[in-house]
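# Here is a sequence with its predicted model. Questions after.
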Number of protein chains: 2
Amino acid sequence: MRKLLMFLFCFTVLNSCKEEEIITSEKQKTDYTQFVNPFIGTSKMGHVFPGATAPFGMVQLSPQTNFEVMFKDDASYNPETYKYCAGYQHRDSTIIGFAHTNFSGTGHADLGDFLIMPTVGSLVLDPLKTADGNKGFYSTFSHTNEEAMPGYYKVDLDSYGIKAEFTASERVGFHQYSFPKSDNAHIILDMVYNVYHHNNKNIWTFLRVENDSTITGYRQTKGWARDKKVFFAAKFSKPFKSYGHKKYDDVIYDGFYRRFKQDENFPEMAGKNLRAYFNFDTDDGEKIKIKFALSNVSSAGAMKNLEAEIPHWNFNKTYEETSYKWNEELYKIEVETLTENQKTTFYTAMYHTNLSPIIYEDVDGQYRGLDQNIYTSNGFTNYTVFSLWDTYRALHPLFNITQPNRNNDMIKSMLAHHDESVHNMLPIWSHYANENWCMIGYHATSVIADAMIKNVGDFDYERALEASVNTASVRYFDGLGDYIDYKYVPDDKSHSSVSKTLEYAYNDWCIAQMAKAVGHTSKEKDFKKRSEYYINVYDPSIGFMRPKLSDGTFRKNFDPMDTHGQGFIEGNAWNYGLYVPQNIEKMVDIMGGKERFSQRLDSLFTMEIEEKYIENHEDITRDGIIGNYVHGNEPGHHIPYLYNWTGHPEKTQSRVRMIMDSMYASTVEGLCGNDDAGQMSAWYIFSSLGFYPVTPGSPYYALGSPIVKNAKIHLENGKTLTIATKNQSKDNVYVRSVSINGKVLDGILLSHQDIMNGGEIVFEMSNNYK
Amino acid sequence: MRKLLMFLFCFTVLNSCKEEEIITSEKQKTDYTQFVNPFIGTSKMGHVFPGATAPFGMVQLSPQTNFEVMFKDDASYNPETYKYCAGYQHRDSTIIGFAHTNFSGTGHADLGDFLIMPTVGSLVLDPLKTADGNKGFYSTFSHTNEEAMPGYYKVDLDSYGIKAEFTASERVGFHQYSFPKSDNAHIILDMVYNVYHHNNKNIWTFLRVENDSTITGYRQTKGWARDKKVFFAAKFSKPFKSYGHKKYDDVIYDGFYRRFKQDENFPEMAGKNLRAYFNFDTDDGEKIKIKFALSNVSSAGAMKNLEAEIPHWNFNKTYEETSYKWNEELYKIEVETLTENQKTTFYTAMYHTNLSPIIYEDVDGQYRGLDQNIYTSNGFTNYTVFSLWDTYRALHPLFNITQPNRNNDMIKSMLAHHDESVHNMLPIWSHYANENWCMIGYHATSVIADAMIKNVGDFDYERALEASVNTASVRYFDGLGDYIDYKYVPDDKSHSSVSKTLEYAYNDWCIAQMAKAVGHTSKEKDFKKRSEYYINVYDPSIGFMRPKLSDGTFRKNFDPMDTHGQGFIEGNAWNYGLYVPQNIEKMVDIMGGKERFSQRLDSLFTMEIEEKYIENHEDITRDGIIGNYVHGNEPGHHIPYLYNWTGHPEKTQSRVRMIMDSMYASTVEGLCGNDDAGQMSAWYIFSSLGFYPVTPGSPYYALGSPIVKNAKIHLENGKTLTIATKNQSKDNVYVRSVSINGKVLDGILLSHQDIMNGGEIVFEMSNNYK
């Protein structure tokens, strides 16, 4: 049913297509968007959204279903709200509107800017329920009348008989509402709504009605970011007959604003919280369209974006252009799979890895810096939404293969962030011209080192090294001064002391790699030394990484199963304690050698974790756990590949196939934890191709076991790498041999050069490993 | 004592002077700043401030004494707060700090951005009292240790033994604090403080410590303006040894900001309300200086302003440059007076007329528009703070003589305001890129017509006419649609119906004058017609302007003595009802002819007004009343001159001399009501020279009785007009004759051309009029 509709839709689109290059493009002969299902992961903890967006688009326009949650006004922790980080839960049957910004897969909620909702009948401005207990402006909907594909989302709003369709360019959301006949139709612009409403996030809202069909304005919110500013300019395809607004401020002191009536047909509105409405008469089936452009600079910038990106009113044309862009991204890896479901899983993972970071500049290159001043990008496109503790692991390494130009721009954006930062720091979590300090380490150094070591991009190496050293020298940052002084983070001085020690050490190794590449010997030596500090939190008497106090003794009370307060963050010592990616051999060695380490991994994957260790934990849920191994969160993502260093690569091979089969699926529950801005999906893409970047910053990938039958990677250097398998099947999870362009590969590692050279890598599969 | 100190100070200044043109300037031989006493009007209702500022400066840096008032947190009306519209009351003996923005003389409170306070001893961040009841950071002070002159303010902060001195360029405040010896000295930056604190005005504050002696940031406030944004960049002459901040937010949701300590020596601070502090060791007498630059664009703009205007650390040099600029402005009218006090009154009035509007753009011409987008002024300097209901009367007409270039720029600023306004309206009250809608009418039309009719400036006449017509066509504005439909504002549809009818009619006459000047006959006719609508609210049966209902009948309950709810605003029918400046002859005629009108004026000036009519009225107080005539507020400012139209110019002459003598003085109580951005002072300047612009938009001034002995007006066209008197004395208030360049003037009017031609006007004075 969905496919048929898709076909009909595409047919319409192609008919309306005027641009020859689109029609004739060789690669667009296969429509890979058909293999993407944006609903995958929209249930439970995937935290992804089904709405319409262009690749890496600033506008990510998606339905918001969390109306019951958003009205809990208490500041206390509410575990239900956590499910709504992307505003949508597939279980829901009501929609309160369509918001223009959404995070994809993040482990914390924010955004939801500029909620639009079309209604008919008596005007209702309360989303949930009115003061007298009647129904709010939300609508019921059914999944049978809902469609999503890359760049397109559609739903029937059953409460109103309105068909709502959406597409988007990078900076403009395109709404198309088909109304019933009504002399009382409305489009509501709710500027109160925020994703994850717990505590009011609004700082200020501002709205101007420029003429009978154009509005502009902005909203500032605090929340995850301290002071996030988003500006907009929007045009309606039909003039509204009247309009107005209502304020929802607790206390307003508005001087002379009360002197004459300013709530109806008065074109200027401002306040902490306001909802505006625009009234129409509609014929049956009449379409009202809205082009809603964003900017992070100004409403003038948003208007420029609007006029540059969508100067027309042809909804299908915009969809078709965006669909074309999606196909360009998806085509970069062509795969054949054992099952159709695997193909959907793969291309949806590809889709999820192209949703963030997002483009964060206007069409003229202007963007807002961390100091809230306006800059112009010079020689790069500026990006934001760097969830780096997650994405340095596999997403940015994937970009070094599929998106080297964008990754180069992302690194330049990180360097700009450093320059604008009052701390002289690279981003920890770059969030709309704010640093939200989420999670630990300074993993931008990993992204930079990985690109440097793989010769990706033309960013300034010296400047990148300097920015990294600056970042690693900010003593007031999160225990870093103590780390430098004690050579570990003392547990009595700082939370998550072991995690921080391990990650700083890895990051310092990354900086040493940069220094080496640049030829800065003394810095290389300094940071090489720091990269060995992980050893200082290893307790050989128990064989675990363990919190150490400032007096040099290990903390007495310590439970390596527990994820709470044991010196780790979002992981227990069993998982997080295996984090020495910069020197896996040494880690294996100090932990008892290969066999013992292999057994330790076996235990990890097979032991039972008691309920008490994971209850009340947002990021670790049953769905993402195998034994005591947690795939639903990032700290362990490299662990299945560690068997390679124990002389048991076959255990890696069977484990990764098992994880791909059990932790990913082509269903709405197909993500076992937060997609985390694409990291969870990037893990799948690498693993399904048969290798994984266990140590970003090194040019090597650890071998795994491909799940695809074969794959073609179209590289930006013009070359193509084919990954082929022999004897591939569901049961043949073991790799008997790997050959590169006919030459048998020796060892457990694949080099980046092997990939970038193109040619063919052949995996010979088997159902046994001997 | 004050003069001696002044002399010594100037001596020091001149010694440090390096710029030859300052030394040798002919006109700077007389230091007119010595005749200015910025304390005049700082008691009771003058609403002026004694702080340091350059002429029309964006920075107006002044002590804030209202600490008891500012902590009343209830939103209810508190009459005490009204006295603190400029942050300072002379009766006070404590100072809580020095703020960089202040309104001069306005009838409503706002601003007070970026309060700085130096202290020594234990750090206290509460202004009034600490949580445990100890003294806050305020200091006691004494007027004997306080000095103020144009561009300079000094006070000893007795609680700390700190001498505080201030000067300013247009966009930069220059602080100089002489500390005692201390290892515990502080400079507090209070971003919570607002003038007139009733209800918290803060929207958001943001502060960055760029290095050990540089800070940047911004504050957004709601209040009189909806969303006022002020940015800053500041440099300290000495690095601080440490710093920190405290937040005063009720509810903060700050995500991950709590993860590591961010309140001390952490260079990024943000929140709704915060106070920061900077710590120093000081030697005895050690000076710590701060250059504190403002911008309304960005902190980068503020830094540009800082570097362009005060690139050095020479406090005296900046003072001397600003003092020179003041002398340039004051020198424009050189007067000899009967008494020294009159000279001080005159030059302080001159000073007060050069404090607003303020320059509202960065040194590079960038400024914030009403739509909150950033513009660059092209061919003009952008201004804000247009309190037009006040200032169109005499301040802008005065500018047409003393400040034609600035007035031209102000008109261009108003036209830019119109273009940026979503209403397509000229400013009513232009307030830092906001329209605050204060008071009635659209008197920008008067300012424009007056400049047009007097050939001032090179602004675009056609565009000015179009902007004026647009403004006069906004039906939703303050009863204007009803005014157009009914040909008066019906009292049952709108408050202040008579005042609005009278003022719209006058404004429409101004537009008709513009249309005539441009040659647009039909518009001239249309607005000429509208200018006659005043007649529709005149009730001949009682001889008063009177509220009329939409059914065409006059309102039954009507008390022409009452200022409350009688169809007028800030005035009663006795005063406000005489407002037909565009056709005074006709007004006199319909009100019973010359003799009756003259008697009516006599009654106005001599009758008793009962207490009940003025109690609880902010703008009308005993101090500003003569009989029932209210000089302390604007609506009657033209009334003393109306005798001219009754055949009794001698009554105008005696009345204006009496008003100058009784309503103005060279004391702290020298203003009888709000100076209203210079209007009260402009009335004095015109009147003291012997004429007054009763009808701005006409090229004529009504004659009065000069109080000066003689005056030289140095015109920007290079000419000089001398106003001389014969037989001038305190008692010789009557004008026997006026001659212009030897030719006796016939009639009651002086023309603008008579002034601009230069030459000599001689008033022959007498103690009787026959």
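Looks like it came in fine.
# so how far is chain B from A:Glu716?
35 Å (Cβ to the nearest Cβ, to the nearest Å). C-beta here means a position set from N, CA and C on the backbone, and glycine is covered the same way.
# residues near A:Gly154, how many?
For the record, residue A:154 is Lys, not Gly. Neighbourhood size, A:Lys154 [other Cβ atoms under 10 Å in any protein chain shown]: 18.
# What are the boundaries of the helices in the stretch 351-500 of chain A?
A:388-391, A:395-402, A:404-420, A:444-453, A:461-471, A:480-486, A:497-518 (DSSP state H, counting those that start in this stretch).
# Quick one: distance of the helix or strand A:Ala682 falls within to the chain centre.
Taking DSSP states H and E as the definition, A:Ala682 sits inside helix A:679-689. Taking Cα atoms, centre = their mean, to the nearest Å, one finds the center of helix A:679-689 at 14 Å from the center of the full chain.
# Stretch A:722-735 now?
On Cα atoms, centre = their mean, the centre of stretch A:722-735 falls 30 Å from the chain's centre.
# Could you do stretch A:390-405 as well?
Averaging C-alpha positions (Cα atoms, centre = their mean) puts stretch A:390-405 12 Å from its chain's average.
# looking at the helices of the stretch 351-500 of chain A, which is closest to chain B?
In terms of Cβ to the nearest Cβ, the element of the helices of the stretch 351-500 of chain A nearest to chain B is helix A:480-486, at 9.1 Å.
# Domain boundaries for chain A, per the record?
The record's domain parsing of chain A by automatic domain parsing lists A:2-328, A:332-766.
# Leaving out sequence neighbours, find the closest residue to A:Thr646.
With sequence-adjacent residues excluded and distances taken as Cβ to Cβ, 6 or more residues apart in numbering or on different chains, A:Thr646 is closest to A:Ser598, at 3.8 Å.
# how far away is that neighbour from A:Asn279?
Remark: distance between A:Ser598 and A:Asn279 (Cβ to Cβ, to the nearest Å) = 69 Å.
# now swap in A:Asn768 and tell me
A:Asn768 is 71 Å from A:Asn279, by Cβ to Cβ.
# and if you look at A:Ser299?
A:Ser299 sits at a distance of 23 Å from A:Asn279 (criterion: Cβ to Cβ).
# So between these two, which is more surrounded?
When neighbours are counted by other Cβ under 10 Å, A:Ser299 and A:Asn279 differ, and A:Ser299 comes out ahead with 25 against 16.
# For the more buried one, grab phi and psi.
phi -70, psi -30 (degrees, to the nearest 10).
# hang on, it packs against A:Gly217?
Yes: here A:Ser299 reaches A:Gly217: they are 6.3 Å apart, a contact under Cβ atoms under 8 Å.
# got any residues that touch both of the two?
The contact sets of A:Ser299 and A:Gly217 overlap at A:208, A:231-232 (Cβ atoms under 8 Å, 6 or more residues apart in numbering or on different chains).
# what subset of those is also close to chain B?
Under the cut-off given by Cβ under 8 Å from any Cβ of the partner chain, chain B has A:Arg208 from those close to it.
# Take the shared contacts of A:Ser299 and A:Gly217 and write them to JSON lines, including pLDDT.
JSON lines is the format used below for the shared contacts of A:Ser299 and A:Gly217 (pLDDT from 0 to 100):
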{"residue": "A:Arg208", "pLDDT": "98"}
{"residue": "A:Phe231", "pLDDT": "98"}
{"residue": "A:Phe232", "pLDDT": "98"}
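# Redo the shared contacts of A:Ser299 and A:Gly217 as JSON lines? Include secondary structure.
As requested, these are exported to JSON lines (DSSP: H, G, I helix; E, B strand; the rest coil):
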{"residue": "A:Arg208", "secondary structure": "strand"}
{"residue": "A:Phe231", "secondary structure": "strand"}
{"residue": "A:Phe232", "secondary structure": "strand"}
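# Kindly indicate which of the shared contacts of A:Ser299 and A:Gly217 lies nearest B:Lys129.
Among the shared contacts of A:Ser299 and A:Gly217, A:Phe231 lies closest to B:Lys129 (Cβ to Cβ), at 42.0 Å.
# which strand residues sit across from that closest one in the sheet?
A:Tyr218, A:Ser295 (DSSP bridges).
# So the residue nearest the centre of chain A versus chain B, what's the distance?
Nearest residue to the geometric centre of chain A (Cα atoms, centre = their mean): A:Ala677, 1.4 Å. Look at A:Ala677 and chain B: by Cβ to the nearest Cβ, they are 16 Å apart.
# On the three-state scheme, that residue is what?
helix.
# what's the neighbour count on the closest residue in space to it that isn't next to it in sequence?
Nearest residue to A:Ala677, sequence neighbours excluded (Cβ to Cβ, 6+ apart): A:Ser387, at 4.0 Å. Neighbour count of A:Ser387, defined by other Cβ under 10 Å: 31.
# got it, and the one 10 residues further on?
If you count neighbours by other Cβ under 10 Å, A:Pro397 ends up with 27.
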